[in-house]
Each structure stands twice: as C-alpha cells, then as structure tokens.
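A.B. asks: Coordinates for the following, if possible.
(chains A and B)
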Amino acid sequence: MPQYRSVFKDETKLDISYVPSKLPHRDSELRLLVEFFSFLLKFPAKMSQRVIITGDIGTGKTALSQRFGTDITREASKNGMNLRYVHVNCREYRGSLFIILHHIISVFHPNFPKRGYAAEELLRNLLQILDEENMHLILGLDEFDSLVERESSEAVYKLTRLQEMRQNKSQRLSLICILRDLKTLSRLDASTRSTLQSNLISLEKYSKEQLRDILNDRVSLAFKPLTVSEETVSLIAELASSEGGNARFGIELLWRAGKYADAENLDAVTLECVRKAVSSIIPTVRKSDLASLSFHEKLFLMGIARHFKEGENAHISLSEAEKAYHIVCEEFNIEPHSHTQLWKYLHSLSSVGIIETEVASFGSRGRTTIIYLSRISAHELEKELNALLEKEA
Amino acid sequence: MNVEDVFSSKLRIKIVKLLMQMGELNISEIARRLGINHNAASKHLQVLEEEGVLQQKVFGRIRLYRIKENSPKAKAVQNLIEIWEQ
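C.D. replies: Residues are numbered from 1 along each chain as shown, chains lettered A, B, ... in the order given. I've put the predicted structure just below:
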C-alpha cells in the first residue's frame, strides 16, 4: 500500500467552526465589544447589554462574537463570576424563538421536554435556571435576520423586556445579535429597534492585504512548513477579495486546494490546485460561454491557458499572452490578429468572467495589463478549448 | 418503607437505571420510554423521591427527575446496579 502523505499538519484549523486565538484586523472591534460588556465584570447582575454586530458574509462576525465569548467567560471565571456564552445560529433553528430557547435550555438540561408550552414559558424557565445558578448568560444570536423575519418584534421584545419587567430581580441575559444587513431591523417596531441599535459594531470588508494576513495565519496553523507558497496565498487572497472580501471563502478555498494537492500526491499546494478548488466551489465558466467565443478568441485563450499550465505564475502580462497566442496560431497555421484586436478579445474574455485583468504600472516604464486565470483550471480549459478548436479547424 | 418494599417493583429499578443513563427526564418521557402510563410513572417516582433516591426540579409545569445528589441511599443503589450490570 502506498504511503500516504499530506500537506496538512492540522486541517481542523481550517474548519468553519474553528475560532483562532487571534483575529487579525479585528482588534479594535474586539476591544469595543469588551468595552460594551466591561460593566458586567464590575457589577454582575445589575445590568444587561445588547450589541449588534453587522457586516457582509465572511467579514468575521461569528468569529468575533465567539472569540469574545470565550475571552469574557475566562475573565469572569478568574473573578469567581458565573458567566456563560452560548452561540446559536438562528437559521439552524428555522428562526423560531421556541426552538432557539429550547436549544439554549438544553445546554443546561439536555433532556428538557420539547412539547407542551409556549416560548414565553421557556424564557421564564431559562431565567429561573440562571437565577438558581446565579449565572449571567451572553447569548450570541447568529443570523439574527431569520429570527426577526419569522417572529418580528414580538420575539426580540420578549428577549429584551421580559427580564427587565421582573421586579427586584437580577439581570441575567445579554444579547449579541449578529446580522448581515441592518435593513432587517426595519421590520421591528421603533422602541425595540432603539433598544437594540445603541451599540453597533460594523465590520468592513477585508482588503486583499488583510485577507493575505488571515490566510497566512491559517497556513501556519494548518499546513506543514513550505507547503503553501506566497503566490498561492496571494491568489487565494485575490479570489476571496473578488468574492466581496470574504475570509470564510478564502479559508475554504485554502482547505480545498490542500485536498487537491493531497489527492495528486504533491509536496505543495500549487496555483493549479487553487484553480481546481475554485472551480469546484463556485459556478465557473460554462461550456456554452467557451463555445460562443470567436475562433481567434479561443486561440488567444488557449495561449493563456497553456502559459498558466506550464508555469507557476499567479498572473501573466498581455505581451506574454500575445506570444503564447502567436505560437498557437502557428500550430493551427493561421495568421495571428493584431495587438489592438487582442486587446478587444481580452476585454470580451474578461467580461464573460473567464479571466480577470488588472492594469499595473511599473514606475516610469509605463503601464501593462496583467491577466489572471483564477476561476478555472488551466488543464481543464485547455482540454475544453482543444476539443472546440479541433471541431472548427 | 423497607428496602424490600422499595425495590419489590421492577419498574422502580427500571426508573433508577433509566435516570442513571439519561441524567434527567420529565415524567411523560419516563413513562414513554418504559411503556407505562403517566399515573403509574408518577406514583413510582413519588416513592423513589420520598425514599431519598431521586430528586425533582420544577420549571413551571415541568418536573424533571434525577438521581438525588449527595444521598447515601442513591449512591448505594447506583453502586449495586453498576456492579450487577458489569
């Protein structure tokens, strides 16, 4: 049996549920969150807090809340305080307050019965548990949108107001509501909205450089040394950046690319592994898109695909692509089109989404167009184009 | 109640075994799992609670039963069952 080798050191560090001990480029947001809850450690049971974390997909909302939850629980425990953080993805529980509350109570009483009472009763039961244990609970309500969509103001009202209406009783429940779009809150009535919106943490999309830092951190945790090059990380960062600064997408891509490297028994995660990985995740180039290209566009694209296939470059220049095109034309015994014509082809290939282009400047030497082939495997593209060109030639 | 009276019932032993396994259950669930009616389960649970083997926690209308913590009788019964079932 052949010996199995892997580029991974610990692939669980790329799992969606893994929360790293440090969150690159989210320090200030984490500090703000700590600040919002600092009173809780000083005056337990006197107040409760509500915070909203918002931001696009893959901007670190869940990781931020979970990191904070772990940190504050540890800090409270040092002070002899009984504080728990429970993270719930509301969408997983179909946005139903009853099912969400039942899940939370199950953390304390795993066989708590599922039927026979209303959400309000469950909330009272939860507060009773917290009172008896002298515990403060911070509830991370992820994908809060789905709770608002299903239950509207009523659910949020119950979560925020019911404990406040208990006379001479301690405050037991704080909320971190995590949602993508603040517009969802417009479904809530004005008073509920105002109680929620006072503490808002808005996460900006990660830049390409920030994504590179995040990916490099994960590479050092999850991969064996020297198995993932800077070029590979840069390409993944580029792709994650084009997917709206989505770090989660980048991390998944990194994992998949590692899997392709293992499947091919490679020593390192190559750029081609990344291309294969990306074509397995997102809908890439459709065959009909390729078939509808003109004959010379196909020849030009073939040159680009071959160039990427042979080299380990994340990008090539237009002049390199042009040279490769000339070779392909020679092979097919066809007169190549002019540079201006190729420029047009480049635009049309880019608008279809087969390639990406970027204009780079090199100081006083002027500007050049850089071509990326990130969404489709160069091998696959060459194979597909070969079949189409043979039919047409 | 004498020990022979407490454990003369097969169902009472089954309830203790079930709670040793599950940790905590409400009456309806105990009745369902043992295939008995609610009233019968309730009566056996009452005996075991009065004898200091079980304890209950009330949440509104819900009563959750479990083995009584720090009870020498509960410990002795658990030991007996554990050794017997090894």
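A.B. asks: near chain B, which residues of the stretch 51-200 of chain A show up?
C.D. replies: Within the stretch 51-200 of chain A, the positions near chain B by Cβ under 8 Å from any Cβ of the partner chain are A:109-113, A:116-117, A:121, A:124-125, A:128-129. Bear in mind the C-beta positions are built from the backbone N, C-alpha and C, glycine included.
A.B. asks: Tell me who's in contact with the residue of chain B found nearest chain A.
C.D. replies: Of all residues in chain B, residue B:59 sits closest to chain A, at 4.2 Å by Cβ to the nearest Cβ. Counting by Cβ atoms under 8 Å, 6 or more residues apart in numbering or on different chains, residue B:59 makes contact with A:112, A:125, A:128-129.
A.B. asks: Turn these into TSV, including secondary structure.
C.D. replies: Listed next are the contacts of residue B:59 as TSV, based on DSSP: H, G, I helix; E, B strand; the rest coil:
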residue	secondary structure
A:112	coil
A:125	helix
A:128	helix
A:129	helix
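A.B. asks: Start from the N-terminal end of chain B and give the helices.
C.D. replies: Secondary structure of chain B (DSSP state H): helices at B:3-6, B:10-22, B:27-34, B:38-50, B:72-85.
A.B. asks: Near chain A, which residues of chain B are found?
C.D. replies: Checking chain B against chain A by Cβ under 8 Å from any Cβ, the hits are B:22-26, B:28-29, B:59-62, B:64.
A.B. asks: Who are the packing partners of the host helix or strand of residue A:306?
C.D. replies: Residue A:306 is part of helix A:295-310, with elements assigned from DSSP states H and E. If contacts are counted by 3 or more Cβ pairs under 8 Å, 6 or more residues apart in numbering or on different chains; DSSP states H and E, helix A:295-310 sits against helix A:271-281, strand A:315-317, helix A:318-331, helix A:339-352, helix A:378-392.
A.B. asks: Nearest residue to the middle of chain A?
C.D. replies: Nearest to the mean C-alpha position of chain A, counting by Cα atoms, centre = their mean, stands residue A:248 at 2.2 Å.
A.B. asks: follow-up on the earlier one: closest one of the residues of chain B next to chain A to residue A:187?
C.D. replies: residue B:60 (30.0 Å; Cβ to Cβ).
A.B. asks: residues near that closest one, how many?
C.D. replies: Residue B:60 has 11 neighbouring residues, counting by other Cβ atoms under 10 Å in any protein chain shown.
A.B. asks: sorry, back to before: who does the residue of chain B closest to chain A form a beta bridge with?
C.D. replies: For residue B:59, the beta-bridge partners are residue B:62 (DSSP bridges).
A.B. asks: Tell me how many other residues crowd residue B:39.
C.D. replies: Residues lying near residue B:39 (other Cβ under 10 Å) number 10.
A.B. asks: quick one: contacts for it?
C.D. replies: Listed by Cβ under 8 Å, 6+ apart, residue B:39 has no contact partners.
A.B. asks: Show the pLDDT at it.
C.D. replies: On the pLDDT scale, residue B:39 is placed at 95.
A.B. asks: now do residue A:253
C.D. replies: 93.
A.B. asks: now it: how far from residue A:304?
C.D. replies: Residue A:253 is 21 Å from residue A:304, where distance means Cβ to Cβ, to the nearest Å.
A.B. asks: now do residue A:315
C.D. replies: To residue A:304, residue A:315 is 10 Å away according to Cβ to Cβ.
A.B. asks: Which neighbours do the two have in common?
C.D. replies: residue A:371.
A.B. asks: Which one's more surrounded, these two?
C.D. replies: Between residue A:315 and residue A:304, counted using other Cβ under 10 Å, residue A:304 has the larger neighbour count: 28 against 22.
A.B. asks: can you pull the contacts of the closest residue to that one other than its chain neighbours?
C.D. replies: Nearest non-adjacent residue to residue A:304, counting by Cβ to Cβ, 6 or more residues apart in numbering or on different chains: residue A:321, 5.1 Å away. Going by Cβ under 8 Å, 6+ apart, residue A:321 touches A:300, A:303-304, A:307, A:342, A:346, A:371.
A.B. asks: now swap in residue A:238 and tell me
C.D. replies: A:208, A:314, A:372, A:374.
A.B. asks: Need the contact partners of stretch A:63-78.
C.D. replies: By Cβ under 8 Å, 6+ apart, the surrounding residues in contact with stretch A:63-78 are A:19-21, A:23, A:26, A:29-30, A:33-34, A:37, A:40-41, A:44, A:53, A:82-85, A:87, A:136, A:138, A:140, A:142, A:176, A:178, A:201, A:203.
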